[in-house]
Structure formats: structure tokens, C-alpha cells
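Novice: The following comprises the amino acid sequence and a computationally predicted model.
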Amino acid sequence: MNTLYANGSFEVRGIQQQAKSNPNLALTDEDYANLYIHEDATTRTPAPEIEIAPILTTTVGKHLSNDISTTDPTPGKENSIALPAEVKGIDRFIGITATDDPAPFRSAYQELSTVGRSRFTIMSDIANKGARKWLICRYVNSRHVGPESDPISFLVN
């Protein structure tokens, strides 16, 4: 019985595949149901490329913390706090310099954890009081790629 089922099942699958792949054969939904032909799963496409970088602003500076907002630079969305649809998160990179020093080289920045919202807080250590922090962010998709923002700086109070 098992052998008969295995052989019959194999033959039926071949007929199903031929019927499904024949461009000259038009099958109705009823035909698909009667022949037990399943619909193909949708193919996965790669994550869309992100072509925009967030605009960064510091909104509030408190003792050893700064609140940061990111906005979408797309025309008409400059005031929106929602992340763009293709964005899965925001990668953040921080650099620290003395108060009057220019921005550090990109290789001197340390990566912070990825966040999934457009507003977040950067906490500072008391040892950094009086220093200048530089922040670079980028919108990322599931592959963690995307262009980087211009750096912004703020003092650690």
C-alpha cells in the first residue's frame, strides 16, 4: 500500500507540475482545487535600498543627557516623527572631543545600539562633562545599510 501510494503520489506530482507550468493551459481556481495544485509561495525580494539620511537635531539638553530627534528629509515629511516605511531602525555612532576641537575622523566614532524610533536620548558619563559629543546616524534596512547623516555636536553638561 505504501509503495503504491508513493509511486502514485510521485506520478500525480509530475502531472501537477506539468499542468502548472504549461503556458498553453488555462486553469481555473476550480481546476487548481480539483487537481490539488498549490499556489507558489511569493518570492522574497531583497530589502529596498535606503537613499536618504536622517536630519538630526538636539531637542533638550539635561544634566549628562541629550534628547535627539531624527526627521525624514523627504519633501513634505520634514515634520513627521514616524520613520520612513522602508526603514527598520537607526544606527548611531558617537565621537567625543574636547570642547573646541573639530569633529573626529569617522574611524574614531564608536557604534551605539540600533534604535527603532525617531527620538532617543544619549546618556553621558560624568567623566565626559565639558566635552563635546559628535553624533552620526543612518537609516537602515534589514541589511543595516544606508547613507550617513551629517554629524551634529552637543556639549556634555
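Specialist: Ah, there it is.
Novice: Run through the residues that contact Arg119.
Specialist: The contact partners of Arg119, by C-beta atoms under 8 Å, 6 or more residues apart in numbering, come to Thr59, Asp67, Ile68, Ser69, Thr70, Ile81. Using the backbone N, CA and C atoms, a C-beta is placed for each residue, glycine as well.
Novice: how much space between it and Asp91?
Specialist: Separation of Arg119 from Asp91 (C-beta to C-beta, to the nearest Å): 16 Å.
Novice: Go ahead and confirm Val60 touches Asn66.
Specialist: Yes: applying C-beta atoms under 8 Å, one finds Val60 in contact with Asn66, separated by 7.2 Å.
Novice: So for the two, which sits in the more crowded spot?
Specialist: The residue with more neighbours, out of Val60 and Asn66, is Asn66; 21 against 10, by other C-beta atoms under 10 Å.
Novice: quick one: the closest residue to Lys129 other than its chain neighbours and Tyr109, what's the gap?
Specialist: Among residues not flanking Lys129 along the chain, Val156 sits closest, at 5.5 Å (C-beta to C-beta, 6 or more residues apart in numbering). Computed with C-beta to C-beta, the distance linking Val156 and Tyr109 is 16 Å.
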